[in-house]
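Participant: 3D model of this:
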Amino acid sequence: MDPWDGAPNEPSRRQSRDRPPVLVRSGSLVPSGLYEVQAIDATCSPASQADYSEPFAVTLSQWGDVVGTCLPSTSPLCVSSYGYTDGCTAPNGAVDFEDISAVIDKFKNSHDAPGMSRADIAPNLPDDIPDFVDIRIVVDAFEGRPYPFAGPPQVDPCP
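Facilitator: Alright, predicted model coming up:
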């Protein structure tokens, strides 16, 4: 499976060899959540199940894990295996100073910072504004604090 870009509650990206990246943004996404996704081309009918792709599984990165590493501006930009460049590798399964630094770099609008879809992780439905709240959220994850958002609404299985 191709890697996914995405801290929890931010758009996730997936690119297969024959499809462009798929962006998913929802306040219902949770860290390390496993999701089944189907894609449909904008020219197709959402009412026709035959127009959808085969389902594929997506697991989001853990809470606060924004990047693996980011390259300095003097290095060639990293081209990720999911098809875009932003100078940073995919989340690596650990929340560390690299994640905190990456979000600070995005706040400073550094050209070698991660993309907005990685760095803007607050509020629950991201607002496309990198700010101190995003930095604080990653610091909280680094310090082991619990995930601050409610996650998906609970649905009564027996209405």
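Participant: now residue 102: how far from residue 54?
Facilitator: Applying Cβ to Cβ, to the nearest Å, the value for residue 102 to residue 54 is 33 Å. The way it works is simple: take the backbone N, C-alpha and C, and place the C-beta from them, glycine included.
Participant: Between these two, which has more neighbouring residues?
Facilitator: For the pair residue 102 and residue 54, the greater number of neighbours falls to residue 102 (27 against 6), based on other Cβ atoms under 10 Å.
Participant: so that one sits right up against residue 119, yeah?
Facilitator: Yes - using Cβ atoms under 8 Å, residue 102 is in contact with residue 119, at 6.4 Å.
Participant: can you pull out the strands in the protein?
Facilitator: Counting by DSSP state E, the chain has strands at residues 34-37, 56-59.
Participant: related to what we said a few turns ago, so what sits against both of residue 102 and residue 119?
Facilitator: 66, 113 (Cβ atoms under 8 Å, 6 or more residues apart in numbering).
Participant: returning to what we had before: just name the most buried of the strands of the chain.
Facilitator: strand 56-59 (a mean of 14; mean count of other Cβ atoms under 10 Å).
Participant: Can you name every helix or strand that that one contacts?
Facilitator: For strand 56-59, the elements it packs on are strand 34-37, judged by 3 or more Cβ pairs under 8 Å, 6 or more residues apart in numbering; DSSP states H and E.
Participant: who does the strand it packs on touch, helix- and strand-wise?
Facilitator: Against strand 34-37 (3+ Cβ pairs under 8 Å, 6+ apart) you get strand 56-59.
Participant: between the strands of the chain, which gets nearest to residue 68?
Facilitator: strand 56-59 (15.6 Å; Cβ to Cβ).
Participant: what lines up beside that closest one in the sheet?
Facilitator: Strand pairing for strand 56-59, using DSSP bridges, gives strand 34-37 (antiparallel).
Participant: Just the CA trace of the strand it pairs with, in PDB.
Facilitator: What follows is strand 34-37 as a C-alpha-only set of coordinates in PDB (Å, rounded to 0.1, in the frame of the first residue of the first chain):
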ATOM      1  CA  LEU A  34      -8.100   2.700  10.000                       C
ATOM      2  CA  TYR A  35     -10.400   3.700   7.200                       C
ATOM      3  CA  GLU A  36     -11.700   2.100   4.100                       C
ATOM      4  CA  VAL A  37     -11.900   4.600   1.200                       C
END
